[in-house]
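sharing a model that was predicted from the sequence below.
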Amino acid sequence: MEHNKVLPYEQQDADKKTQVTNMFDNIAPYYDFLNRFLSLGIDQSWRKKAIATLEDQKPKKILDMATGTADMAIQMAKTLTPESITGIDISPKMVDYGNKKLEKKGLNDVIKLSVGDSENLNQESEIFDAATVAFGVRNFGNLQAGLKEMNRVLKIGGKIVVLEFSKPTIFPFKQLFNFYFKFILPTIGKFTSKDPKAYKYLYESVQAFPDYGDFGNILQECGFKDVSWKPLTLGICTIYTGIKG
């Protein structure tokens with residue numbers, strides 16, 4: 001099944017973009033806790049490794065797409081000390097929670113969050129040194145359109161960094177991972193976030209997502225060169241990078 005045909009709420013008539021917005025609005029209050037809990041805290045180290053791929057670039061202006069509650073943006077502000085980070089997310093409630101975190105950490109001057117659509121960014125062309133998206137491209141309504149928009153707003157030579165779940169291929173880890181994602185994770189999500197469909201969607205969307213070389217090819221088709229990818233933790237997730245040509 002194509003990744004953009006996988007929907008959180010199959011019974012609804014709404015398109016993927018609308019459904020994903022509703023889903024993240026529903027789970028926003030529990031999102032940070034569940035990320036730490038369900039990944040056993042490893043998601044933090046994955047983000048740090050993705051951010052490390054930008055250290056040589058020393059980017060001054062960064063775009064963080066599908067910023068959620070600003071986890072990636074906050075970590076980049078600490079590690080890369082850029083002049084500004086623009087975080088954009090389709091879910092108003094996730095942005096609200098993100099802004100509360102920024103206020104507590106005193107990062108409102110560096111990081112600016114806003115509600116926006118990956119396929120139609122309200123940003124000028126060629127203004128960012130780097131663009132990141134952590135665990136978000138899977139949720140784009142139109143993957144290619146979102147990546148092309150990220151390409152448009154990057155300067156020539158600017159770098160894209162994508163951190164996304166992928167499918168492990170090593171036996172027996174692949175089987176254990178699938179069992180955890182398909183059965184254990186939705187059960188935990190059901191009792192903690194009150195929206196079990198969100199975690200059923202997580203499994204299905206990862207299964208349908210074009211990972212490794214397939215996603216690398218899509219990045220190239222969307223205008224990026226020097227594309228590479230590096231699987232983490234036996235392939236649970238992968239860092240993809242590319243340069244705007």
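Perfect, I can see it now.

so which elements touch the lowest-mean-pLDDT helix or strand in the chain?
Every helix and strand of the chain was ranked by mean pLDDT, DSSP states H and E. The lowest is helix 185-192, at a mean of 74. Counting contacts by 3 or more CB pairs under 8 Å, 6 or more residues apart in numbering; DSSP states H and E, helix 185-192 packs against helix 31-38, helix 196-208. For glycine as for every other residue, the C-beta is placed from the backbone atoms N, C-alpha and C.

tabulate the CA atom coordinates of it in PDB.
Only the C-alpha atoms of helix 185-192 are listed here, as PDB (Å, rounded to 0.1, in the frame of the first residue of the first chain):
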ATOM      1  CA  LEU A 185       2.600  -0.300  21.400                       C
ATOM      2  CA  PRO A 186      -1.100   0.200  20.500                       C
ATOM      3  CA  THR A 187      -2.200  -1.400  23.800                       C
ATOM      4  CA  ILE A 188       0.000   1.000  25.800                       C
ATOM      5  CA  GLY A 189      -1.200   3.900  23.600                       C
ATOM      6  CA  LYS A 190      -4.800   2.900  24.300                       C
ATOM      7  CA  PHE A 191      -4.400   3.200  28.100                       C
ATOM      8  CA  THR A 192      -2.300   6.300  28.100                       C
END
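
mind listing what's buried in the longest strand anywhere in the chain?
Longest strand in the chain, counting residues (DSSP state E): strand 154-165. Within strand 154-165, the residues scored as buried using 16 or more other CB atoms under 10 Å are 154, 158-165.

listing request: residues of this protein with sub-threshold pLDDT.
1-5, 8-13, 38, 192-194, 196 (pLDDT under 70).

tell me where it has strands.
61-65, 84-89, 111-115, 128-134, 154-165, 224-232, 237-244.

now those as TSV including distance to Pro210?
Shown next, in TSV, are the strands of the chain (distance: least, CB to CB, whole Å):
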stretch	distance to Pro210
strand 61-65	18
strand 84-89	23
strand 111-115	27
strand 128-134	15
strand 154-165	10
strand 224-232	12
strand 237-244	11
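
Lys244 versus Lys155, what's the distance?
From Lys155 across to Lys244, the span is 7 Å (CB to CB, to the nearest Å).

likewise for Arg138?
Relative to Lys244, Arg138 is positioned 22 Å away (CB to CB).

next: Asp226.
Taking CB to CB, one finds Asp226 at 10 Å from Lys244.

more neighbours: which of those two?
Using other CB atoms under 10 Å as the criterion, Asp226 and Lys244 rank with Lys244 on top: 23 against 12.

give the contact list for the closest residue to Ile170 other than its chain neighbours.
Excluding its sequence neighbours, the residue lying closest to Ile170 (CB to CB, 6 or more residues apart in numbering) is Leu234, at 5.7 Å. Shown in contact with Leu234 (CB atoms under 8 Å, 6 or more residues apart in numbering): 168, 170, 173.

please pick the buried ones from those residues.
Among those, those classed as buried by 16+ other CB under 10 Å are Pro168.

on that earlier part again, dump the helices and strands packed on helix 185-192 into CSV; add distance to Asp117 as well.
Below are these laid out as CSV (distance: least, CB to CB, whole Å):
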stretch, distance to Asp117
helix 31-38, 20
helix 196-208, 18
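
most neighbours per residue, which of those?
Most buried of these by mean neighbour count (mean count of other CB atoms under 10 Å) is helix 196-208; its value is a mean of 20.
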